[in-house]
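Visitor: Next come a sequence and a model predicted from it.
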Amino acid sequence: MPSDRRHLGQRFITVEGIEGVGKSTNMAFISAWLEERGQRVTVTREPGGTPGAEAIRRLVLETDRDQIPDQSELLLMFAARAAHLQTLILPALEAGDFVLCDRFTDASYAYQGYGRGLSLEAIEVLETLVQGALRPQLTVLLDGSFELSVARRADRTETDRFEQEQLAFFERVRAGYLAIAAEHPGRVKRVAAEQSLVDVQKDIALVLTTSYPELS
Ligand code: TMP
């Protein structure tokens, strides 16, 4: 991928956080906020978002961990991302849409890097290989504790390979996200997920207004 696509990232927004912090509800809020301001929005998710990448998602999330070691998991996340970028994200950005993505490369740093302990430098190499200079303009990090996550997930019956992980893993992932936010304060905006939904969405609206003053 040519590396001159940096400018396309201006309309690229990602939402991150551990499971159960309210990503889906707040993705819908962000999408509606943009649409109310006359913007076309392509809403998508990772791993997945296109038929090819969704096939990789099923493979990685539904296969036993001992059959897909950590390094394979990382490579599959980027394999899915490469397909998603070429087939959906880049064409949508080139057409002038906003792209709103439920998780992206920060999740690889947080889960495979900080969570599994794989090399952050290796992840950076894959990031550059697959994305060139493209990065999201804005990342909303919904930050909440593992206890909140467990409480919100209590009514789900089926669990995937990540949902079966234990407290220590999610604490590393959460700390990883906070480290990423500290490293990229201009791009990554932390929103406290433990507030009421009304307050979470007030904070998100403020972040959107600050990041896109031309839309406010
Ligand atoms: P989801 O449940 O939010 O759809 O995400 C599926 C799981 O995939 C979630 O537990 C986080 C994990 N994941 C990674 O480990 N690395 C990645 O790069 C991405 C995008 C997701």
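Guide: Yes, it's here.
Visitor: For the ligand, see how far away Pro185 is.
Guide: Distance, Pro185 to the ligand, using Cβ to the nearest ligand atom, to the nearest Å: 22 Å. Where you see a C-beta, it was placed from the backbone N, CA and C, and this is true even at glycine.
Visitor: Check Thr128 too.
Guide: With the distance defined as Cβ to the nearest ligand atom, Thr128 ends up 15 Å from the ligand.
Visitor: Ala32 too?
Guide: 20 Å.
Visitor: cool, and Gly186?
Guide: Taking Cβ to the nearest ligand atom, one finds Gly186 at 22 Å from the ligand.
Visitor: Verify the assumption that that residue is located in a helix.
Guide: No. The assignment for Gly186, made by DSSP: H, G, I helix; E, B strand; the rest coil, is coil rather than a helix.
Visitor: what are the phi and psi angles of it?
Guide: Taking degrees, to the nearest 10, you get phi -70, psi -30 for the backbone angles of Gly186.
Visitor: Can you report how many residues lie near it?
Guide: 8 (other Cβ atoms under 10 Å).
Visitor: change the start of the numbering to 25 and stick with it
Guide: Fine by me, first position is 25 from now on; the one you just mentioned is Gly210.
Visitor: May I see the buried residues of stretch 228-240?
Guide: 228, 231-232, 235-236 (16 or more other Cβ atoms under 10 Å).
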